[in-house]
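> what's the 3D shape of this:
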Amino acid sequence: MEQQTPLLEVKNFSVSFKQYGKGLKQNVTQVISNFTLDLYPGEIMAIVGASGSGKSLLAHAILGILPSNAYINGSIKYKGEELTQKDKEQLRGKEISLIPQSVGYLDPLMKTGKQIDSPLKSVKSTVKSIMSRFHMADGVKNKYPFQLSGGMARRVLIGTALTSGAHLIIADEPTPGLHKSMVDETLSTLKELAGNGRGVLMITHDIDLAFIIADKIAVFNKGRSVEVVDAKAFEASPDYVKHPYSKALWHALPQNGFHSIRSKDYGDDIDAIQDAQGGEA
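Next comes the predicted model:
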């Protein structure tokens with residue numbers, strides 16, 4: 001891919017939380033440490049790691065929706081410009097769109113058709129075409145989110161990304177609860193967006209999905225990006241990755257035999273190996 005200005009640059013980024021314990025003692029917990037990645041237009045990057053490793057917090061940081069007790073360090077740039085909190089508030093839902101993990105992000109007081117519809121004249125997709133694409137009956141557009149099944153509500157969320165006109169799409173675990181045909185359609189949608197010059201950041205613990213869709217995989221462990229690798233090379237062999245956690249992820253896949261690995265084979269990072277084999281790889 002021709003080198004150009006990254007759509008999204010995250011450099012030496014950290015997130016920590018301040019909390020009060022017994023006796024009003026203040027504790028600081030660092031969840032993301034020195035995270036770095038570059039995402040280019042037309043590229044799909046998957047952030048892969050076990051559930052609970054802090055992946056979703058990166059999405060929330062980019063969108064500026066972290067809780068008030070969160071403290072951040074490092075740099076997040078969008079189209080070469082540093083993102084301030086004001087920028088994040090102005091861009092989210094417009095130039096930066098989230099397909100969230102929770103269907104609770106839908107507006108409970110707005111009918112689903114209106115949530116899918118786009119105010120942008122430049123967006124050609126209509127509510128009718130989106131609903132047809134994701135196998136939603138016409139009557140669904142007149143229902144409120146609480147009237148939808150979990151899978152149907154998730155389809156609505158994916159539809160909103162298509163009509164947002166966003167240049168950067170962050171898909172946070174976009175496929176749980178969906179039938180395989182809808183999983184395939186969702187991945188096809190993300191590929192279509194990237195093919196139209198959008199940048200797609202997909203957060204997942206399902207590394208097989210990453211192999212299907214991603215150009216690159218950022219392997220995430222305990223709040224750190226341990227390495228960024230070419231997705232096809234990683235799929236082919238663990239020899240193309242360097243970190244023991246990445247190797248452990250590869251070996252833990254069903255098609256690779258659920259093989260356990262020994263520290264003497266891959267170095268002394270015992271914690272990383274045990275996390276990969278015990279987490280949702």
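> residues in contact with the nearest residue to Arg92 once chain neighbours are set aside?
Of all residues not flanking Arg92 in the chain, Leu63 sits nearest, at 4.8 Å (Cβ to Cβ, 6 or more residues apart in numbering). In this view, the C-beta of every residue, glycine as well, is placed from N, C-alpha and C. The contact partners of Leu63, taken as Cβ atoms under 8 Å, 6 or more residues apart in numbering, are 88, 92, 96, 98, 170.
> can you lay out those as a markdown table showing neighbour count and distance to Asn196?
Listed next are the contacts of Leu63 as a markdown table, based on neighbours: other Cβ atoms under 10 Å; distance: Cβ to Cβ, whole Å:
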| residue | neighbour count | distance to Asn196 |
| --- | --- | --- |
| Lys88 | 18 | 23 |
| Arg92 | 19 | 20 |
| Ile96 | 26 | 16 |
| Leu98 | 25 | 18 |
| Ile170 | 27 | 16 |
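> in the chain, which residue is closest to the centre?
With distances taken as Cα atoms, centre = their mean, the residue of the chain nearest its centroid is Ile203 (2.6 Å).
> that residue touches Ile170, doesn't it?
Yes: the pair Ile203 / Ile170 is scored as a contact, 7.2 Å apart, by Cβ atoms under 8 Å.
> who touches both of those two?
Common contacts of Ile203 and Ile170 (Cβ under 8 Å, 6+ apart): Ala59.
> what segments of the stretch 101-250 of the chain are strands?
Ranges of strands in the stretch 101-250 of the chain, per DSSP state E, counting those that start in this stretch, are 168-172, 199-204, 216-221, 224-230.
> and the angle from the longest one to strand 216-221?
Angle between the axes of strand 224-230 and strand 216-221 is 160 degrees (criterion: axes from the mean of the first three to the mean of the last three Cα atoms, to 10 degrees).
> for strand 224-230, which strands pair with it and how are they oriented?
Strand 224-230 sits in its sheet next to strand 216-221 (antiparallel), going by DSSP bridges.
> could you do the first one as well?
Applying DSSP bridges, strand 168-172 is found paired with strand 96-99 (parallel), strand 199-204 (parallel).
> so can I have JSON lines of those showing distance to Glu235?
Formatted as JSON lines, these follow (distance: least, Cβ to Cβ, whole Å):
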{"stretch": "strand 96-99", "distance to Glu235": "23"}
{"stretch": "strand 199-204", "distance to Glu235": "14"}
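> and those strands: which comes nearest Asp184?
Closest to Asp184 of those is strand 199-204 (Cβ to Cβ; 14.6 Å).
> what sits up against that closest one?
Against strand 199-204 from outside (Cβ under 8 Å, 6+ apart): 7-8, 39-48, 55-56, 58-59, 62, 101, 167-174, 190, 193-194, 209-210, 213-214.
> no more questions from me, cheers.
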